[in-house]
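S.K.: Need a 3D model of the sequence below.
(one chain, ligands or ions: 1)
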Amino acid sequence: MDCPKCNNEMEQGYLQGMRRVAWVKNKHKVSLLPKQGEVLLENNNVKDFLLKAWICKNCKKIIIDYSNKEIREG
Ligand SMILES: [Zn+2]
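M.R.: Take a look at the predicted model:
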């Protein structure tokens, strides 16, 4: 995948972390379910989350592919 900013080839890997990750429209306290328009990418107390991701280390950008995940959209 090419970087949308500088067009360099991006490096494929994973975004790894623990517990919960969500894309939210506005900052708010963590809630169990996504609010309208939000995307809950992972919510797991037991194991890490892994999301396929590409990185451009020039521009410090990360693109996440969540098409293979079961995603809850608000
Ligand atoms: Zn770039």
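S.K.: Quick one: residues contacting the most centrally placed residue in the chain.
M.R.: The centroid of the chain falls nearest to Ile64 when counting by Cα atoms, centre = their mean (5.0 Å). Neighbour list for Ile64: 15, 41, 51-53 [criterion: Cβ atoms under 8 Å, 6 or more residues apart in numbering]. Placement of C-beta: from N, CA and C, glycine included.
S.K.: let's see 7 Å
M.R.: Contacts for Ile64 (Cβ atoms under 7 Å, 6 or more residues apart in numbering) come out as 15, 51, 53.
S.K.: from memory the first one sits against Ile62, does it?
M.R.: Yes. Between Leu15 and Ile62 there is a contact at 6.4 Å, judged by Cβ atoms under 7 Å.
S.K.: Now for the two: what residues contact both?
M.R.: Ala53.
S.K.: The ion contacts on this structure?
M.R.: 3, 5-6, 56, 58-59 (Cβ under 5 Å from the ion).
S.K.: neighbouring strands for the lowest-mean-pLDDT helix or strand in the chain, and are they parallel or not?
M.R.: The least trusted helix or strand in the chain, going by mean pLDDT, DSSP states H and E, turns out to be strand 72-73, with a mean of 82. Using DSSP bridges, the strands paired with strand 72-73 are strand 39-56 (antiparallel).
S.K.: List the buried residues of stretch 52-69.
M.R.: Neighbour-count burial for stretch 52-69 flags 53-56, 63, 66, 69 (criterion: 16 or more other Cβ atoms under 10 Å).
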